[in-house]
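*Asks:* Test case, fold it:
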Amino acid sequence: MVLENIRYELRPPIAVVTLDRPKVLNALNQLSMTELEQVFLDIRQNPSVRAVLLTGAGDKAFAAGADITELAQVSALEGERLATRGQRIFSLIENCGKPVIACINGFALGGGCELILACTLRIASQTARIGQPEVKIGIIPGYGGTQRLPRLIGKGAALKMILTGEPIGADEALRLGLVDEVVAPDQLLARAEQIAQTIAGMAPLAVRDSIRAVNSGYDLPLASGLELEASLFGLACSTGDKEEGTRAFLQKRAAIWSGK
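*Replies:* Below you'll find the model as predicted:
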């Protein structure tokens, strides 16, 4: 596929997706959003990809929000459509069936923060600055920030970030549970790839359905979440990967996964 604002590298079993507009701190314009959707539709159906690294070009920013030049021209009706579209694309990333690891190499603001919230795991450089500054330009988060952020760090902490518009550093993000690890800048991609390779070595259907169980069950009542878990567990027991995994364990050898 031909891409202008995104770099998409296939290095099976890993894909590396890079937001590539460093001159504007990788701001997410509508072409970037279109290309993100194209890339993650491909990732979802590509059996050679078992984990994804998502980062921004350069060392200053993961993504410094939406493109304000575009946003300034948006009407009320267009704004709702814009938000709905962004939410759909970020939900695709969240539920593509492959773990997506955000490698946060600087500013992750506005839409950039919302993008990392849609990822499975978040690894931050010590230089990372994360925030939802939309109130400073008269709007609210529209790509899922008001929903995913409180679910991740709690209502009070999320409201503090959203209402003040002030970004937080990597250590505070780790304390709040907004990121999973903080590493030195020169170790960011290496550490994320180490995690990705570990996950890629697991049974792909089990990884997919573990993500599904957590994402779909998180907001359900406990009894309903347990019912979903039992159903997905039963499906896992019907797979060739389960047969191979148990056989390999008993034979004391590495499993060879088929994804079937």
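*Asks:* Need the pLDDT of Ala255.
*Replies:* Looking at Ala255, its pLDDT is 90.
*Asks:* Met1 now?
*Replies:* 82.
*Asks:* which ones are touching it?
*Replies:* Residues near Met1 by C-beta atoms under 8 Å, 6 or more residues apart in numbering: 8, 38-39, 42. Every C-beta, even on glycine, is put in place using the N, C-alpha and C of the backbone.
*Asks:* now with 7 Å?
*Replies:* Counting by C-beta atoms under 7 Å, 6 or more residues apart in numbering, Met1 touches Gln38.
*Asks:* got the contact list for the closest residue to Gly131 other than its chain neighbours?
*Replies:* Spatial nearest neighbour of Gly131, chain neighbours left out: Pro167 (3.1 Å); criterion: C-beta to C-beta, 6 or more residues apart in numbering. Residues in contact with Pro167 (C-beta under 7 Å, 6+ apart) are 109, 129-131.
*Asks:* Flag the helix or strand of the chain with the lowest per-element mean pLDDT.
*Replies:* helix 68-71 (a mean of 79; mean pLDDT, DSSP states H and E).
*Asks:* Could you identify the helix or strand that succeeds it?
*Replies:* Tracing the chain C-terminally past helix 68-71 and defining elements by DSSP states H and E, one meets helix 76-94 next.
*Asks:* Check which helices and strands that following helix sits against.
*Replies:* Other elements packing on helix 76-94 under the criterion 3 or more C-beta pairs under 7 Å, 6 or more residues apart in numbering; DSSP states H and E are helix 30-45, helix 111-117.
*Asks:* From the contacts of Pro167, which land in helices?
*Replies:* When DSSP state H is applied, the contacts of Pro167 are split such that none fall in helices.
*Asks:* With that, I have no additional questions.
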